[in-house]
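Participant: structure here, sequence nowhere to be found:
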């Protein structure tokens, strides 16, 4: 129970941090729709809608639990422009974070996006 609370707190903290970081940066906020998601509990074919943030030259960062186990992950920008089907290129299980990308994201945001440090 304590571990679940810690993970929830960690996820909320990261979300609030990113929300504050993105103030005034709406063009880098992406709407993600993950479909045909299956989970270990046997729930078939669910659809998840979540938010992602474009990282400069890397892709889109979002919550791993929202896209893991999904057959199709699509995205659109704040203006409704289709950014194509995305794929998970990196995942951090401990922090529930996924890095997604598509050819359109790589070309559209090659030199734009939120800065980050490693």
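Facilitator: Cool, got the structure. Predicted, not measured: the structure shown is a model, and the values here were computed from it.
Participant: where does this structure dip in pLDDT?
Facilitator: Where the chain drops to pLDDT under 70, the residues are 1-27, 40-43, 57, 109-118.
Participant: end-to-end on stretch 28-46?
Facilitator: End-to-end span of stretch 28-46 (Cα to Cα, to the nearest Å): 26 Å.
Participant: list the buried residues in that stretch.
Facilitator: Judged by neighbour count using 16 or more other Cβ atoms under 10 Å, the buried positions of stretch 28-46 are 28, 29, 30, 32, 33, 34, 37. In short, each C-beta sits where N, CA and C put it, glycine included.
Participant: also stretch 59-73?
Facilitator: 59, 60, 61, 62, 63, 64, 65, 66, 67, 68, 70, 73.
Participant: repeat for stretch 98-109
Facilitator: Of the residues in stretch 98-109, 98, 99, 100, 101, 102, 104, 105, 108, 109 count as buried by neighbour count, 16+ other Cβ under 10 Å.
Participant: which one is the second one nearest to, not counting chain neighbours?
Facilitator: For residue 99, the nearest residue in space outside its immediate sequence neighbours is residue 90; the separation is 4.1 Å by Cβ to Cβ, 6 or more residues apart in numbering.
Participant: and for that neighbour, the neighbour number?
Facilitator: The local packing of residue 90 (other Cβ atoms under 10 Å) involves 13 other residues.
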